[in-house]
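*Asks:* my questions are about this predicted structure, shown below with the sequence.
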Amino acid sequence: MTVVLDAHGLTALAANRARLEELRRRGEWPAIVPSVVLSEALTGDHRRDYHENRLLRACDIWPIDELLARSAAKLRSQVANRRRPSAVDAIVVAAADQAGGAVVLTSDPGDLAALARHANQVKIAPA
């Protein structure tokens, strides 16, 4: 199964080497990280971002192209909430969908689960 990380998942996994080793052992690594996630997960200070940057070197960073952005926009519009999910969350779920179905690792499943209900074969799991 393909793994996609959101900002919370990236930060949590960077601090949990045992979980990372488990993913590697099960053949679920490397993870996909949409490039926009970096803007949420990193501070820009290499000292504070050390663990996240170390993990990112072992991930597949996906650029955000027009097709992925349009898929995310459609997912956002399908969620019937007062408050629409963030564009970054929608891009993460759209990337998981575009990967042919995936598990999104996060420590904040609320909006992601609402988006995943409108995607094909996307699951949300704790990081």
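*Replies:* Cool, the structure landed. The structure displayed is predicted, hence computed values, not measured ones.

*Asks:* got the contact list for Val104?
*Replies:* If you count contacts by Cβ atoms under 8 Å, 6 or more residues apart in numbering, Val104 has them with 3-6, 9, 92-93, 96, 112, 116, 122-125. Bear in mind the C-beta positions are built from the backbone N, C-alpha and C, glycine included.

*Asks:* at 7 Å instead, please
*Replies:* 4, 6, 9, 92-93, 96, 112, 122, 124 (Cβ atoms under 7 Å, 6 or more residues apart in numbering).

*Asks:* let's have the residues you listed in JSON lines, adding distance to Ser86 and pLDDT.
*Replies:* Listed next are the contacts of Val104 as JSON lines, based on distance: Cβ to Cβ, whole Å; pLDDT from 0 to 100:
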{"residue": "Val4", "distance to Ser86": "15", "pLDDT": "98"}
{"residue": "Asp6", "distance to Ser86": "10", "pLDDT": "97"}
{"residue": "Gly9", "distance to Ser86": "14", "pLDDT": "96"}
{"residue": "Val92", "distance to Ser86": "9", "pLDDT": "98"}
{"residue": "Val93", "distance to Ser86": "11", "pLDDT": "98"}
{"residue": "Ala96", "distance to Ser86": "15", "pLDDT": "98"}
{"residue": "Leu112", "distance to Ser86": "10", "pLDDT": "95"}
{"residue": "Val122", "distance to Ser86": "16", "pLDDT": "97"}
{"residue": "Ile124", "distance to Ser86": "15", "pLDDT": "97"}
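
*Asks:* farthest-separated two in those residues?
*Replies:* Within the contacts of Val104, Gly9 and Val122 form the most distant pair, 13.5 Å apart (Cβ to Cβ).

*Asks:* ramachandran angles for Val122?
*Replies:* When read as degrees, to the nearest 10, the backbone of Val122 gives phi -110, psi 130.
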